[in-house]
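# what follows is a predicted protein model with its sequence.
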Amino acid sequence: MNNQGVTRSWTMQPENFGNNLVLFEKLASGGMGEVFKAKQIGTEGFEKTVAVKRILPHFAQRDDFSRLFKQEMWLASKLQHSNIAQVFSNGSFAEYLYLVMEFVSGKTLAEIIALCTLKKTPLSVAHCCYIISEAAKGLHYAHTLRDENTGAPLNIVHRDVSPQNIMCTENGEVKIVDFGIAKVFDKVSDLSRVGDVKGKMQYVAPEQLEGHRATAQSDIFSLGTTLFELLTLQPLFLSESPYHTISNVMTMEAPDLTEVRKDIPPGLQPILNQALAKDPSERFHTAEDFHRQLSQFISSHYPSHSSTELGRAVRALASDSSLTSGENSAGSDPALFADLITRTFSTTTIRKRKRRARYIAVGVIFAISIVAGTRAYLSHKAPVRPSAQPRVSDPIAVLTAGDVVSGEDGKVASWVGKGRFGQIQFEQLLPENRPALVKNGVGTNSVVRFEGHQFLTSASLATKMTTASQATFIVVAKLASDRISYVLSIQQADWEFDVFRLGTDDSSHLRVKTTEASGNRSFVTAESKYSGDLSVISVTIDGSGIRIFSNGRLLVPGPLAYPVAFQKSAIMSIGQEFDRGRPTDFLIGDIAEMQIYDSSLPSAYRSRIEQELARKYGIQP
């Protein structure tokens, strides 16, 4: 039962677990738990092969998580459908919460996509449509299930439909797994950034990114995204940064399938487009409607197709030794090359289309900002539902270490950010104060390393903040944890006071400093110590105060004693440039990425960005 998307078999000694379970093979491991193949032991020699999902203790020990987990898993146990992997029971043992589930012998779509990519041959169009059609049938059953006693709708929504959570068996059956898991983490707010549990951003419907409640139409959108990826072996919306991924989900239309794959008959594109409509009201009304349209398409173009043929294809992929040996093996672990494949942006049609779409979008945004001063380009691309909240503004700047301009000596000459107003540039003209670009500093990503008297400044970026009454700063950084260290500073033109500073104090706590025009200073300091490891650090400032997050966990909802006077700002620096008129060494550490917004982001939107950044840089929750 490989429903975590991270699959591998580990040999292990049989382990007695609970009253009647014996774990004998570890199948998967992820950020929230482990999955084992197990035997359920009964009386008089009864044995049943099952899958056991064991939740890691640091989640299970929380009362709020435990209560919600048991509640949602009880609800999931009510789902009895041929296209849904059944939950038999749940319980607790030692320090663990656990589920006992139907054991499914097969492959996730994530593995199938990876194997097909290595083979350079996708599944047949008929197989792809059949898989998604069967998954839609299972979703419709869950969406419409009613309480057996009262008849009231149970309103079950998966929330995490993706290739990792749909399986194909070697008999050609299609099973959806992990109902209820995403909802548990949604409701436990400071766990909602756990990358292995939350729906990955490229599969999440636009209304979810805006913070609206997930509905059946949200699952349909995610299933449509999965259909595109299964057909083309390319993720539809995934981009190099979380911001661009979100932007693609909100604005980008699916390309013409026939430009990517020549053997796709007419009639499939309109079905895909309806599933991927940005406005939920324009999608299929039910998952059953999606299932029916795909079934009719299969009957019209592939009348002899059967599930037996799909099972044969899955067995062939599983047994093809050429895909699990030599250069194609990615370490003989399909999960590893699945992860690599979804992050490959080589010279494919999809990447060219995405890049072209982004360039067009930046040009449009720049023109609108000059003419009208607008901040909401996301809203001009997609229809807004009457009840929808305004769309989130683009960031003023997104800076990644890959965009640094550096010389042959590795010293940074400038750091060019991209954002709503076009390019924003940080620079430092004094060679001795230039930070260094460090390759492979974080996994396979670069970082900008500051070591003492090093900083970069931007007057133009600070100027863009002058009309802001709210702000959000998201930084991926590793800061000094035993001294004052400011990663970001906004200052008044005459350096009379610091408008805003984000960093650590001399006792290893994250801290925000703000100063009002009168010179009154306010410090908001996190209660728990900063670890000194690479972290996703976020600060949100609005009328209700300052909130500091580290790796998705709210550290302090501090009151804002004095309003942040961004209207007085003139200089923004990465690293603190001056203290009492003298250069300082207030920043020692690495920065991998930074995003700056002149608005307070909705919590769901911000948490999605934090989650993807954590996955991108391998940061554990």
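Arrived safely. Numbers count the residues shown, from 1 in each chain.

# give me the contacts around the stretch of helix or strand Ser538 belongs to.
Per DSSP states H and E, Ser538 falls inside strand 535-542. Strand 535-542 is contacted from outside by 193, 469-478, 487, 500, 502, 510, 512, 514, 546-552, 560, 564, 600-601, 606, 610, 613-614, 617, 619, using C-beta atoms under 8 Å, 6 or more residues apart in numbering. Backbone N, C-alpha and C define where each C-beta goes, glycine included.

# swap in 6 Å and give it another go.
The contact list for strand 535-542, computed with C-beta atoms under 6 Å, 6 or more residues apart in numbering, reads 470-476, 502, 512, 547-551, 564, 600, 610, 613-614.

# all strands for the stretch 351-500 of the chain, in order.
397-400, 404-406, 412-419, 422-427, 436-442, 445-452, 456-458, 471-479, 485-492, 498-504 (DSSP state E, counting those that start in this stretch).

# and the contacts of the longest one?
Looking back up the chat, that one is strand 471-479. So strand 471-479 is contacted by 485, 487, 504, 534, 536-541, 589-598, 601, 613, 617 (C-beta under 6 Å, 6+ apart).

# hey, what's the closest residue to Tyr530 other than its chain neighbours bridged with?
In this structure, Tyr530 finds its nearest non-sequential neighbour in Leu510, 5.0 Å apart by C-beta to C-beta, 6 or more residues apart in numbering. In this structure, Leu510 bridges to Thr504 when assessed by DSSP bridges.

# pretty sure Leu510 is touching Ala526, no?
Yes: look at Leu510 against Ala526 with C-beta atoms under 6 Å: they come within range, at 4.3 Å.

# compare those two (neighbour count), which wins?
The residue with more neighbours, out of Leu510 and Ala526, is Leu510; 27 against 22, by other C-beta atoms under 10 Å.

# what pLDDT does that one get?
Leu510 carries a pLDDT value of 87.

# remind me which residues of the stretch 101-250 of the chain are low pLDDT?
182-199 (pLDDT under 70).

# would you map the strands across it?
Using DSSP E, counting those that start in this stretch, strands in the stretch 101-250 of the chain cover 106-108, 166-169, 174-176.

# quick check, Leu437 in contact with Ser406.
Yes: contact criterion C-beta under 6 Å: Leu437 and Ser406 qualify, at 4.3 Å.

# out of these two, which sits in the busier spot?
Here Leu437 and Ser406 are set side by side on neighbour count (other C-beta under 10 Å), and the busier one is Leu437, at 22 against 19.

# contacts only, for the more buried one.
Val404, Ser406, Gly410, Val412, Ser446, Val448.

# make TSV out of these and add pLDDT and distance to Val260.
Converted to TSV, these look like this (pLDDT from 0 to 100; distance: C-beta to C-beta, whole Å):
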residue	pLDDT	distance to Val260
Val404	87	33
Ser406	83	36
Gly410	84	39
Val412	88	38
Ser446	88	31
Val448	89	36
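
# now list the buried members of those residues.
Val404, Ser406, Val412, Ser446, Val448 (16 or more other C-beta atoms under 10 Å).

# columns mean neighbour count and distance to Phe17 on top of the strands of the stretch 101-250 of the chain, output as TSV?
As requested, those are arranged in TSV below (neighbours: other C-beta atoms under 10 Å; distance: least, C-beta to C-beta, whole Å):
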stretch	mean neighbour count	distance to Phe17
strand 106-108	24	24
strand 166-169	25	23
strand 174-176	25	23
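
# the bottom helix or strand of this protein by mean pLDDT?
Ranked by mean pLDDT, DSSP states H and E, the helix or strand of the chain with the weakest confidence is helix 377-381, at a mean of 37.

# OK, contacts around Thr258?
Thr258 touches Ile264, counting by C-beta under 6 Å, 6+ apart.

# sec struct for it, please.
helix (DSSP: H, G, I helix; E, B strand; the rest coil).

# now do the buried residues in the helix or strand Ser299 falls within.
Element membership of Ser299, judged by DSSP H and E, is helix 287-301. Within helix 287-301, the residues scored as buried using 16+ other C-beta under 10 Å are Ala287, Glu288, Asp289, Phe290, His291, Arg292, Gln293, Leu294, Ser295, Phe297, Ile298, His301.

# isn't the fourth one right next to Lys137, touching?
The reference is to Phe290. No: taking contacts as C-beta under 6 Å, Phe290 lies outside contact range of Lys137: 9.1 Å.

# for the helix holding Ser299, packing partners?
helix 125-144 (3 or more C-beta pairs under 6 Å, 6 or more residues apart in numbering; DSSP states H and E).

# buried ones in the helix it packs on, by neighbour count?
In helix 125-144, counting by 16+ other C-beta under 10 Å, buried: 125-143.

# show me which of the contacts of strand 535-542 are buried.
Of the contacts of strand 535-542, these count as buried by 16+ other C-beta under 10 Å: 470-476, 502, 512, 547-551, 564, 600, 610, 613-614.

# report the contact partners of Glu229.
Applying C-beta under 6 Å, 6+ apart, the residues contacting Glu229 are Pro235.

# please redo it, this time with the cut-off set to 8 Å
For Glu229, the contacting residues are Ile113, Pro163, Pro235, Leu236, by C-beta under 8 Å, 6+ apart.

# return the subset of the residues you listed lying in helices.
Within these, residues falling in helices by DSSP state H are Ile113.

# which of the contacts of Glu229 sits closest to Lys39?
Distances from Lys39 to the contacts of Glu229, taken as C-beta to C-beta, are shortest for Pro163 (29.1 Å).

# would you check that the closest one makes contact with Thr225?
No: when contacts are counted by C-beta atoms under 8 Å, Pro163 is not listed as touching Thr225 (9.3 Å).

# who has more neighbours, those two?
Thr225 (27 against 23).

# quick check: the more buried one touching Tyr203?
Yes: with contact defined as C-beta under 8 Å, Thr225 reaches Tyr203; the gap is 5.0 Å.

# now do the shared contacts for those two.
Ser162, Phe237.

# domain parsing for the protein?
7-355, 397-601 (automatic domain parsing).

# chain center to the first one: distance?
In other words, domain 7-355. In terms of C-alpha atoms, centre = their mean, to the nearest Å, the centre of domain 7-355 is found 15 Å from the chain centre.

# got the strands of the stretch 101-250 of the chain as a markdown table, with distance to Glu34 columns?
As requested, the strands of the stretch 101-250 of the chain are exported to a markdown table (distance: least, C-beta to C-beta, whole Å):
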| stretch | distance to Glu34 |
| --- | --- |
| strand 106-108 | 16 |
| strand 166-169 | 18 |
| strand 174-176 | 20 |
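
# quick one: contacts for the spatially closest residue to Cys129 that is not a sequence neighbour?
Distances taken as C-beta to C-beta, 6+ apart place Leu294 nearest to Cys129, at 4.9 Å, with adjacent residues excluded. Contact analysis of Leu294 by C-beta under 8 Å, 6+ apart lists Cys129, Tyr130, Ile132, Ser133, Ala136, Ile271.

# equivalent analysis for Ser133, please.
Applying C-beta under 8 Å, 6+ apart to Ser133 gives the contacts Phe290, His291, Leu294, Ser295, Ile298.

# can you tell me how far it sits from Phe284?
12 Å (C-beta to C-beta, to the nearest Å).

# again with His158
His158 is 15 Å from Phe284, by C-beta to C-beta.

# neighbour count for the two, which is higher?
Using other C-beta under 10 Å as the criterion, His158 and Phe284 rank with His158 on top: 29 against 24.

# can you tell me the closest non-neighbouring residue to that one?
Here the residue nearest His158, using C-beta to C-beta, 6+ apart, is Asp219, at 5.2 Å.

# dig out what Ile548 forms beta bridges with.
Beta-bridge partners, per DSSP bridges, of Ile548: Val539, Val556.

# surely it touches Tyr530?
No: using C-beta under 8 Å, Ile548 is not in contact with Tyr530; the gap is 10.0 Å.
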